[in-house]
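In: structure for the following, please:
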Amino acid sequence: MIRLKGMTWNHARGIQPLVAASAEFARRHPQVTIEWDARSLLDFENYPLEQLADAYDLIMIDHPHIGTAVAEGLLHPLEERLSAEFLEDQERNSVGRSYASYTWEGRQWALAADAAAQVSAYREDLLTARELPVPHTWDDVRRLASELPEGQRIGMPLVPTHAFSSFFTLISQIGNRKCWSDGSDLDEETGEQTLALLQELMPLLHPKSVDCDPISMSDRMARTNEIAYVPLMYGYSNYARDGFAPHAIRYCDIPSDEGGPRGSMIGGVGLAVSARTRHPDWSARFLELAVGGKFQRTSFFQNGGQPGHRSAWLDPEVNRLSGGFFAQTLRTLDLGSMRPRFDGYIEFQKQAGAWIREGIIRQDPGRKELVRRLNAGFRQCVKGGE
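Out: Coordinates of the predicted model:
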């Protein structure tokens, strides 16, 4: 009997579709069993990959870890185990830059089992009750916040990682150019403008925003009537499905004053094979099943997954069962931006997220100084990685 172990993150979206894929794989290959462990969202975003590569054959990985993982020899290059035709299908059916986010130094290190980006979320019933429109611009967001009844607010996850996410989305949208990911500094004017917008929004937000990640904010939004709208948050299609939580959440493109919902920081999760597995061929065969288009738009989605294959995002039945989640946010993902992935980047994201969060909460007027501090921190982490 061949036994494989995998690591994912502890949410219905993270674990259930992989368990379903493992059951299907075992049905086809009775000599192979696959067991999955799960860690918290915070651990998923920050846990040292070297420890995972030692213990697991299959790893769900966040793409900013790719540079470090490759530098430390932790992942198996997939073109050595999967056909060119299969990889071409994955690239052709990428949602936005999901496929490219796992390409590094000319090789493919993971495939997009799951696709995501920051999108907007709203409670349709709460907005409809007061005939309030869903915002399309940042002025619309300000207007909605002022028109909500007592006891209802807008929200935004502001734990450090997600304060950074919203900041990165907005600098990409406002500046409409790359920074950090291409080695360049953040333009000071763009950074100051972004901080000013986030500080302006801060007094309008639900007070729990400062301690929320997307899961805890989505739970509060779906289980109470306290949050009617979130302009920037990683979308979880589970909450758009009937019966997942007491109140369904609807999702749409992010607001923009720039003529289109561009700039959203892409997330999602890639499925990778550990370089230290004793069963690289079996691991790759499982990956081929789990991220294949047919499985993604059927069993993967039906078991709580948020597919990475474009055919699932366009599938009418998938959209019917998810309140249109995929069709209504696809443009935002296609216009999304990609974080840096260099060796050492994760440390920069940790530092930058804490600094940005503090500057927003404290309404720090020294925005230019904060932008310069961020750029200095970026250069230091690049140097450390080298």
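
In: residue ranges of the helices in the stretch 201-350 of the chain, please?
Out: 214-223, 280-291, 293-295, 301-302, 310-313, 316-321, 325-334, 345-361 (DSSP state H, counting those that start in this stretch).

In: I figured residue 296 hits residue 310, correct?
Out: No - in this structure residue 296 lies outside contact range of residue 310 using CB atoms under 8 Å: 9.2 Å. The C-beta positions use only the backbone N, C-alpha and C, and glycine is treated the same way.

In: higher neighbour count, these two?
Out: Of the pair residue 296 and residue 310, residue 296 is the one with more neighbours under other CB atoms under 10 Å, namely 30 against 25.

In: ok, now how distant is the more buried one from residue 61?
Out: As defined by CB to CB, to the nearest Å, residue 296 lies at a distance of 18 Å from residue 61.

In: swap in residue 261?
Out: Note on residue 261: its distance to residue 61, by CB to CB, is 26 Å.

In: for the chain, which segments are assigned as strands?
Out: Secondary structure of the chain (DSSP state E): strands at 2-9, 32-39, 58-61, 103-104, 107-108, 111-114, 118-122, 153-154, 227-234, 250-252, 269-273.

In: nearest to residue 163, of those?
Out: strand 227-234 (10.2 Å; CB to CB).

In: longest helix in the chain, by number of residues?
Out: In the chain, taking DSSP state H as the definition, the longest helix is helix 367-385.

In: in that one, what counts as buried?
Out: By neighbour count with 16 or more other CB atoms under 10 Å, helix 367-385 contains the buried residues 367, 370-371, 374-375, 377-378, 381-382, 385.

In: also stretch 49-63?
Out: Buried-residue list, stretch 49-63, by 16+ other CB under 10 Å: 49, 52-53, 56-63.

In: how far is that stretch from where the chain is centred?
Out: From the chain centre to the centre of stretch 49-63 is a distance of 18 Å (CA atoms, centre = their mean, to the nearest Å).

In: now distance to residue 333 too, for the strands of the chain, in TSV please.
Out: Below are these laid out as TSV (distance: least, CB to CB, whole Å):
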stretch	distance to residue 333
strand 2-9	20
strand 32-39	25
strand 58-61	19
strand 103-104	17
strand 107-108	20
strand 111-114	11
strand 118-122	8
strand 153-154	22
strand 227-234	11
strand 250-252	11
strand 269-273	14
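
In: got the ones you listed as CSV, with mean pLDDT and distance to residue 341 columns?
Out: Below are the strands of the chain laid out as CSV (pLDDT from 0 to 100; distance: least, CB to CB, whole Å):
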stretch, mean pLDDT, distance to residue 341
strand 2-9, 95, 19
strand 32-39, 94, 21
strand 58-61, 95, 11
strand 103-104, 97, 6
strand 107-108, 98, 13
strand 111-114, 98, 14
strand 118-122, 98, 18
strand 153-154, 98, 32
strand 227-234, 98, 18
strand 250-252, 98, 26
strand 269-273, 97, 11
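
In: can you list the domains in this structure?
Out: For the chain, automatic domain parsing gives the domain ranges 2-116+266-334, 118-265+342-385.

In: where in the stretch 201-350 of the chain is pLDDT low?
Out: Residues of the stretch 201-350 of the chain meeting the criterion pLDDT under 70: none.

In: swap the cut-off to 90 and go again
Out: Along the stretch 201-350 of the chain, the parts satisfying pLDDT under 90 run over 258-259, 343-344, 346.

In: again with the stretch 1-150 of the chain
Out: For the stretch 1-150 of the chain (pLDDT under 90), the answer is 9-12, 39-54.

In: about what we covered before: run through who's touching the longest helix of the chain.
Out: With contacts defined as CB atoms under 8 Å, 6 or more residues apart in numbering, helix 367-385 is touched by 67-68, 71, 180, 183, 185-186, 188, 191-192, 195-196, 342-345, 347-348, 351-352, 355-356, 359, 364.

In: chain center to it: distance?
Out: The answer for helix 367-385 is 23 Å, by CA atoms, centre = their mean.

In: just stretch 136-152 next, same as before
Out: Relative to the chain's own centre, stretch 136-152 is displaced by 25 Å; criterion: CA atoms, centre = their mean.

In: could you do stretch 234-246 as well?
Out: Distance of stretch 234-246 from the chain centroid (CA atoms, centre = their mean) equals 16 Å.

In: what do you get for stretch 149-156?
Out: How far stretch 149-156 lies from its chain's middle: 24 Å, per CA atoms, centre = their mean.

In: report the buried residues of that stretch.
Out: By 16+ other CB under 10 Å, the buried positions in stretch 149-156 come out as 152-156.

In: could you dump those residues to TSV with distance to residue 107?
Out: Formatted as TSV, these follow (distance: CB to CB, whole Å):
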residue	distance to residue 107
152	49
153	46
154	42
155	40
156	36
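
In: pick out whichever of those residues sits closest to residue 140.
Out: The closest of the buried residues of stretch 149-156, once distances to residue 140 are taken by CB to CB, is residue 154, at 11.1 Å.

In: who does that closest one form a beta bridge with?
Out: Note on residue 154: beta-bridge partners by DSSP bridges are residue 205, residue 229.

In: which residues touch it?
Out: Applying CB under 8 Å, 6+ apart, we find residue 154 in contact with 141, 144-145, 148, 201, 204-206, 227-231.

In: picking that back up, out of the contacts of helix 367-385, which end up buried?
Out: Neighbour-count burial (16+ other CB under 10 Å) applied to the contacts of helix 367-385 gives 67-68, 180, 186, 191-192, 195, 342-345, 347-348, 351-352, 355-356, 359.

In: so how far is residue 159 from the residue lying closest to residue 179 once chain neighbours are set aside?
Out: With sequence-adjacent residues excluded and distances taken as CB to CB, 6 or more residues apart in numbering, residue 179 is closest to residue 186, at 4.5 Å. Going from residue 186 to residue 159 by CB to CB gives 21 Å.

In: residue 264 too?
Out: For residue 264, the distance to residue 159 equals 18 Å [CB to CB].

In: of these two, which one has the most company?
Out: A direct count of neighbours by other CB under 10 Å for residue 264 and residue 159 places residue 264 higher, at 33 against 22.
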